[in-house]
Every structure is written in structure tokens, then in C-alpha cells.
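Q: I'll drop the sequence and a predicted model, then ask my questions.
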Amino acid sequence: MVVEVLAGLNIRPGRLYVDGTVGEGGHAVAILDRLMQGGELIGLDRNPAVLPKAADRLAPYTSRFRLFHCSFSQMGEVLGAIQVQEVAGILLDLGLSLYLLEQSGRGFSFQLDEPLDMRFNPDEPGPTAADLLNTLSQFDLETIFRDFGEEPRARRLARLVVETRRRRPFHTTQDLVEVIHQALGPRRAKSRIHPATRIFQALRIAVNRELDELEKFLSHAPAWLESQGRLVVLSYHSLEDRLVKQRFLEWDRAGVMRRLTKKPLTPSDAEVKRNPRARAAKLRIAEKT
Ligand SMILES: C[S@@+](CC[C@H](N)C(=O)[O-])C[C@H]1O[C@@H](n2cnc3c(N)ncnc32)[C@H](O)[C@@H]1O
């Protein structure tokens, strides 16, 4: 949804924008293309491995971008450190990058056989996905599978995880896939989505405390924007979208930010055909009043 993202950010030449989830720099390149001389992009990412890739991709824009390894919830600290008070626009693209899925070796894909890590930032001390599976109570696992994975048979899966780990702890993605198959079957008759997709997503959200990070960000974001500055958030999970929707509504009512999308924008059929991973995308835009 690059076109919608760029329109949402309302790129104004010469201004300063933040891509809070810069990844390998796809959106960042498109933003820099539209910023004239004097404009600058600040890119943040929690995954240190993608920043050199983004730097390579953005190299033609030489001095017009700066990249930082941190969470978007720490945007205030970054802006403070580089003595910037306000920016003209902020983008968050909350999806999973292809790098994390296919190249990171950290167990984000149920189709590969890798250690079950799932931390966006492997330098953070927090527990890995395997740690959660091996130590959380059955109740907590069920909550994660149900709330973050929207899995109706969450209890059955959590019970089987706890039974299995008594015999052998979880280490790899395929250890988990085996138990998902046992508990939920390979695929539900009417669903095109493999049940492992949702369970892996649920664990990833829990490992990285993704909803907490988003809440922290949202509680400060208006302060980082100049008047008429835009906030654009692309989310792929109903709980993330709900947080954004509620916060936008509160801001709108309080006169802090104006919602420019009462209903989220979604990708066209053609885009979903080209990129099936975009199917759940929801784009919301707000403008500082
Ligand atoms: C869908 S990708 C972004 C792709 C990027 N917009 C592009 O066009 O290339 C999402 C990125 O967000 C990063 N990420 C996830 N949570 C983050 C957080 N709390 N702070 C900063 N980056 C985060 C991931 O590491 C990943 O690189």
C-alpha cells in the first residue's frame, strides 16, 4: 500500500519524517524520493540485522537519512539525542519483514526448521519463543494462542504443549509444528490459512511484547508531531488495529489529532493477489490539529 502510505504522510519537500519500522528500506526509499533537498528521513528498527541492508539501499540519498537501532517506542529518546523537537510525519508498518521470515534463522516461519527464538532483537535479554513454550503455565499459553492467535482450540493446544514438554522441551520450529498438527490437524477444512500461521504469529507477538510497544508509542506520538504532522499506521492484526483505532478516536474527541480514516484503508484485490501477505493490512491516518 505504498501509494496510500505516501498520500497519508502528505510528504512535504524539505521536511523531516520518521519511518519507525524501516526494515530493508522499501517505504523509506519511496519517502526519500519525494523529499527534495533539505528533507530528511530518520529510520528506526528493532532488528539490528536489517539496518546495514537499509543503509545500502538508501546510500544514493547520502546525507539525507539517519538510521537507529531501537524500538519505535523509544522515538522520543532518539529525537532528543539528535535535538529534533517535532517531525512532519511518522510511519509504522507493523508487519513481519521477509528478512525475518526467510533469512533471520530465528524461527519466524513454520515452513523452515530453525531454533524457536522469534526475538526481533536477538541482543535483548527477553525470553525466546522456546522459553515461553517450555516455562509458561498452561493457562498463559492458552491465553496467548487464543488472544493473539485467535485460535478457537487454544486450550487443547496449550494442554498438548505442556504434556509434550514434560517428555522433551521445545527447541525448534518443527518441534512446535508437530504439536500443532497433533492438536489442530494440518489445516481446517474451510480455512485457507494454516493453523501454524496464527500460532507462530501469537508467539511472536508475546515474545516481542508487540502490543505493549505499540501502546507506549501511541501514548507519546502526538507530542513528536508538528502541527498538521501526519501519523500513518499499517497494522496486520486485529488487536493492533483496535489499539490504533481507539487511540485515534480518543485523540479526535480531545481535539489532539484529527482522524483522516474513520474506516481503515485496505489493499486492493490486485495487491493481495501480488502479495498475499498484505491481505490483513489495515491503514489508518491521523493529522495533528
Ligand atoms: C514489515 S517490516 C517493515 C518493512 C518496511 N516498511 C519496508 O518497506 O521495507 C516491519 C519491521 O518492523 C520492525 N519492528 C517490529 N517491531 C518494532 C519496534 N517496536 N520498533 C522498531 N522496529 C520494529 C521489524 O524488525 C521489521 O523490520
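A: On my side now, so go ahead.

Q: scan this structure for its longest helix.
A: When secondary structure is assigned using DSSP state H, the longest helix within the chain turns out to be helix 238-254.

Q: buried sites along whatever helix or strand comes next after it?
A: Remark: after helix 238-254, the chain's next helix or strand is strand 257-259, criterion DSSP states H and E. When neighbours are counted by 16 or more other C-beta atoms under 10 Å, the buried residues of strand 257-259 are found to be M257, R259. In short, each C-beta sits where N, CA and C put it, glycine included.

Q: dihedrals phi and psi, the residue of the chain positioned farthest from its centre?
A: Here the chain reaches farthest from its C-alpha mean at R167, the gap being 34.1 Å by C-alpha atoms, centre = their mean. As for R167, its main-chain torsions (degrees, to the nearest 10) stand at phi -90, psi -50.

Q: ok, L91 next?
A: As for L91, its main-chain torsions (degrees, to the nearest 10) stand at phi -120, psi 130.

Q: the helix or strand harbouring T197 vs helix 238-254, what angle?
A: Assigned by DSSP H and E, T197 falls within helix 195-207. An angle of 50 degrees separates the directions of helix 195-207 and helix 238-254 when computed by axes from the mean of the first three to the mean of the last three C-alpha atoms, to 10 degrees.

Q: count of residues packed around D123?
A: Other residues near D123 number 9, with proximity taken as other C-beta atoms under 10 Å.

Q: for the one 10 residues further on, same thing?
A: Summarising burial for L133: neighbours were counted as other C-beta under 10 Å, giving 24.

Q: gap between it and the ligand?
A: Using C-beta to the nearest ligand atom, to the nearest Å, one gets 21 Å for the distance from L133 to the ligand.

Q: tell me who's in contact with that residue.
A: Residues counted as contacts of L133 (C-beta atoms under 8 Å, 6 or more residues apart in numbering) are L116, L141, V161, R165, F170, L176, L203.

Q: contacts for stretch 205-221?
A: Under the criterion C-beta under 8 Å, 6+ apart, residues 20, 46, 71-73, 75-76, 90, 92, 94, 118-120, 126-129, 132, 144, 148, 204, 231, 237, 239-240, 243-244, 247 lie in contact with stretch 205-221.

Q: who in this structure is up against the ligand?
A: 20-21, 23-27, 44-47, 50, 71-73, 93, 95, 97, 120, 213 (C-beta under 6 Å from any ligand atom).

Q: hmm, which of those residues are the buried ones?
A: 20-21, 23-27, 44-47, 50, 71-73, 93, 95, 97, 120, 213.

Q: mind giving me the packing neighbours of the longest helix of the chain?
A: Using 3 or more C-beta pairs under 8 Å, 6 or more residues apart in numbering; DSSP states H and E as the contact test, the elements touching helix 238-254 are helix 210-220, strand 225-235, strand 257-259, strand 282-288.

Q: can you lay out these as CSV showing distance to V272?
A: Written out in CSV, the entries for the helices and strands packed on helix 238-254 read as follows (distance: least, C-beta to C-beta, whole Å):
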stretch, distance to V272
helix 210-220, 23
strand 225-235, 14
strand 257-259, 25
strand 282-288, 13
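
Q: now tabulate these in JSON lines and tack on mean pLDDT.
A: Shown next, in JSON lines, are those (pLDDT from 0 to 100):
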{"stretch": "helix 210-220", "mean pLDDT": "97"}
{"stretch": "strand 225-235", "mean pLDDT": "97"}
{"stretch": "strand 257-259", "mean pLDDT": "97"}
{"stretch": "strand 282-288", "mean pLDDT": "98"}
